[in-house]
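> I would like the atomic coordinates for the input below:
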Amino acid sequence: MTSTSPYTRTHTCGQLRSSHAGARVTVAGWVDSRREHGDALVFIDLRDREGVTQLVFDLEDCPKDVVDASDKLRGEDVIAASGVVRVRDGGANPKLETGEIEVVVDTLTVLSKAQTPPFHPTDKDSLPNEEIRLRHRYLDLRRPRMQKILRTRHRASKLARDYFDEQGFLEIETPILCKSTPEGARDFLVPSRLQPGAWYALPQSPQLFKQILMVSGCERYMQICRCFRDEDPRADRQAEFTQIDLEMSFVTREQVMDTMEGFARRLWKEVLGVDVPPLPRITYHEAMHRYGVDRPDTRYGLELVDISDIAAKTDFKVFTQALEKRKGAVKAIRIPGGAERLTRKMTDGYSEFVKQFGAGGAPVTKRGEAGFDTGVARFVEPIRAELDERLGLEPGDLVVFGADTFTVCARALGELRQKIARDLGMIPEGAWNFVWVIDFPMFEYDEEGGRWVAMHHPFTAPNPDQLDAFLRADAGDRDAIEGVVSAGYDLVVNGSEIAGGSIRIHDQAVQEKVFRLIGLSDEEAKEKFSFLLDALKYGAPPHGGIAFGFDRLVMHLCGTDNIRDVMAFPKTQIGADLMTRAPGPVDAAQLKELHVVNTAQDKPA
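Alright, predicted model coming up:
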């Protein structure tokens, strides 16, 4: 025998249609608004996560206790209401999915009274700043847009599980409390109570564990996992985040990429209804030369063009001094119609903009009818014919230049390219441009630290045709090491990296050389990675994988550029949870039990 309560719903607030006319129903939710119509009728819009239903209280026919209770209802009160569905007399409300009907209420239960909230979840015109919304996140999450985002996030995770299950992957959990290992970012550390002086680290990723699972014979692993990196948050990054983590055994790079491409295409099709064509592939070298970044946005032009050979013919010191540097380069961007569309103030601002990326400035000139004018015209006029041909210049165009080492020049112009596109409204709405970036350098040289670092991570294998060259290369031969191409790959959409991975090293000798090259002694490698090195001794299959940034995926699917929008309980720019007030102090007894001493002189804000 089952029992019911006065608030047992028969339908949600987004479910009723004209076909339900005459049916007795019960709906429950939050009071969204209350309106009186003369002395005879009261209308209440009732909201739950599925939508809004209009309730009608006929003051002449409704029981007195229901009328009295309805008179006291205010926004965000929680109620349950029962009555009969009828088609609206005054015509349907096209703004609501339930706009054809209303419920004539004869029974009302007030489940919870609400104080006046700091903001109303459906008042779009007076939405408060983010700080207030995060402090009252439970109200912010009631907003229909936030409910839609949570639903999309759920759907994306279910699609991921379904797709990879079809592909033979096993979902396997990996530890949250693990060993601190160098993975590029700062670890979050957790003290051990049972082993005084010893510490766990929260995982920056399950990288080592998923490789161990491949050595263990699991063959295909997936996990929607939490990861932790003690980095400064930003619009598309949080210290605590989620990724779809994957690994496969006995595969080539192409097989991994084909499998992951299938997932991306299904996700966009089923969530957005977008048919994504087969994804193009470009090399890291091509991406840097044409776009200045390894996550190229290919929705618009403004590509970088190398003019080093032409620039060498000028007496412009900005060009000639750059070309004297190791791997110096001069590049240019043609901006069609930029002579009229970009003001002097804007182009001066571009010179300041690129300084944050190490460039000294961004010289410009305009292509007039008779030649170059303004800016650095007198320096480049002698090479006008060659620039016209190389850049495809026409009268009215503006040219912006970059000159420095290749790395600085490409990065500065690559970032500037994106800013110019935004300033000129060149980014098409509704376009989805995916691209695989492949053939990354295996290592890059850290000039400040004077050492080699792995471009992806130290477990990335060289491309098969690079293996012999890598094993022969001496750490002091900079050109040889920089020339080693890895079996890494990134998936990029609209200039945003949404996934990155590689074929892994499964040979112990190769792994040991990588560790030595990045400055780890045999003792340090053994201390930090002994379990992986030991596992490789006992028969490791060729394997590779990838990790999708799940939060970034959802950002794209929901059309937002703020990662905090797609997390139920995010942190602020200083890593604070304004709702729970974390991080916060703990009492001395807890610290003593963990064998930890608080050395901070000031109390947390």
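> Sheet-wise, list the partners of the single longest strand found in the chain with their directions.
Across the chain, the strand with the greatest residue count (assigned by DSSP state E) is strand 24-37. Sheet pairing of strand 24-37 (DSSP bridges) gives strand 41-48 (antiparallel), strand 78-87 (antiparallel).
> Show me what the next helix or strand after the longest one is packed up against.
Using DSSP states H and E, the next helix or strand after strand 78-87 towards the C-terminus is strand 101-112. Taking 3 or more Cβ pairs under 8 Å, 6 or more residues apart in numbering; DSSP states H and E as contact, the helices and strands that strand 101-112 lies on are strand 24-37, strand 51-58, helix 64-71, strand 78-87. Every residue, glycine included, has its C-beta placed from N, CA and C.
> How far away from the center of its chain is the last one?
The one in question is strand 78-87. Relative to the mean C-alpha coordinate of its chain, strand 78-87 is positioned 42 Å out (Cα atoms, centre = their mean, to the nearest Å).
> Same check on the third one?
Its chain's C-alpha centre and that of helix 64-71 lie 49 Å apart, by Cα atoms, centre = their mean.
> and the angle from it to strand 101-112?
Between helix 64-71 and strand 101-112, the angle comes out at 80 degrees (axes from the mean of the first three to the mean of the last three Cα atoms, to 10 degrees).
> State the mean pLDDT of helix 64-71.
For helix 64-71, mean pLDDT rounds to 92.
> Mind jotting down where the strands sit in the stretch 351-500 of the chain?
Across the stretch 351-500 of the chain, reading from the start of the chain, the strands by DSSP state E, counting those that start in this stretch fall at 364-367, 372-373, 398-405, 434-438, 443-446, 451-454, 488-493, 496-503.
> Can you add mean neighbour count, mean pLDDT and distance to Val31 and give these back as JSON lines?
Listed next are the strands of the stretch 351-500 of the chain as JSON lines, based on neighbours: other Cβ atoms under 10 Å; pLDDT from 0 to 100; distance: least, Cβ to Cβ, whole Å:
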{"stretch": "strand 364-367", "mean neighbour count": "24", "mean pLDDT": "96", "distance to Val31": "58"}
{"stretch": "strand 372-373", "mean neighbour count": "18", "mean pLDDT": "92", "distance to Val31": "66"}
{"stretch": "strand 398-405", "mean neighbour count": "26", "mean pLDDT": "96", "distance to Val31": "56"}
{"stretch": "strand 434-438", "mean neighbour count": "21", "mean pLDDT": "98", "distance to Val31": "44"}
{"stretch": "strand 443-446", "mean neighbour count": "17", "mean pLDDT": "88", "distance to Val31": "58"}
{"stretch": "strand 451-454", "mean neighbour count": "18", "mean pLDDT": "88", "distance to Val31": "57"}
{"stretch": "strand 488-493", "mean neighbour count": "24", "mean pLDDT": "97", "distance to Val31": "41"}
{"stretch": "strand 496-503", "mean neighbour count": "22", "mean pLDDT": "97", "distance to Val31": "40"}
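> Can you add distance to His285 and give these back as a markdown table?
As requested, the strands of the stretch 351-500 of the chain are exported to a markdown table (distance: least, Cβ to Cβ, whole Å):
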| stretch | distance to His285 |
| --- | --- |
| strand 364-367 | 27 |
| strand 372-373 | 30 |
| strand 398-405 | 15 |
| strand 434-438 | 10 |
| strand 443-446 | 13 |
| strand 451-454 | 18 |
| strand 488-493 | 13 |
| strand 496-503 | 17 |
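> Relative to Arg88, which of the ones you listed is closest?
Nearest of the strands of the stretch 351-500 of the chain to Arg88, taken as Cβ to Cβ: strand 488-493 at 43.3 Å.
> just to revisit the earlier point, Ala329 is nearest to which of the strands paired with strand 24-37?
Ala329 lies closest, by Cβ to Cβ, to one member of these: strand 41-48, at 58.0 Å.
> for this structure, what are the low-confidence residue spans?
Across the chain, the ranges flagged by pLDDT under 70 are 1-7, 182-184, 601-605.
> Show me which residues of the longest helix seen in the chain are buried.
Across the chain, the longest stretch assigned as helix under DSSP state H is helix 144-166. Under the neighbour-count criterion of 16 or more other Cβ atoms under 10 Å, helix 144-166 has 144, 146-147, 149-150, 152-153, 156-157, 159-160, 163-164 buried.
> and it with strand 41-48, angle?
Here helix 144-166 runs at 30 degrees with respect to strand 41-48, directions being taken by the same axes, to 10 degrees.
> What are the contacting residues of helix 144-166?
Counting by Cβ atoms under 8 Å, 6 or more residues apart in numbering, helix 144-166 makes contact with 49, 121-122, 140-141, 171, 220, 222, 224, 244, 246, 262-263, 266-267, 270-271, 548, 550, 553-554, 557-558, 560, 565-566, 568, all of which sit outside it.
> In helices, which of these fall?
Secondary structure assignment (DSSP H) places Asp140, Gly262, Phe263, Arg266, Leu267, Glu270, Val271, Phe550, Leu553, Val554, Leu557, Cys558 from the contacts of helix 144-166 within helices.
> And the closest residue to the last one other than its chain neighbours, how far from Met567?
Using Cβ to Cβ, 6 or more residues apart in numbering and skipping residues adjacent in sequence, the residue nearest Cys558 is Ile149, 5.0 Å away. From Ile149 over to Met567 the distance is 9 Å, taken as Cβ to Cβ, to the nearest Å.
> What subset of the contacts of helix 144-166 is buried?
The neighbour-count test (16+ other Cβ under 10 Å) marks 49, 121-122, 140-141, 220, 222, 224, 244, 246, 263, 266-267, 271, 548, 550, 553-554, 557-558, 565-566 as buried among the contacts of helix 144-166.
> Go ahead and confirm Leu73 touches Val110.
Yes - taking contacts as Cβ atoms under 8 Å, Leu73 lies within contact range of Val110: 7.4 Å.
> Comparing those two, which residue is more hemmed in?
Leu73 (20 against 16; other Cβ atoms under 10 Å).
> ok, now which ones touch that one?
Counting by Cβ under 8 Å, 6+ apart, Leu73 touches Val31, Arg34, Ile44, Ile79, Val110.
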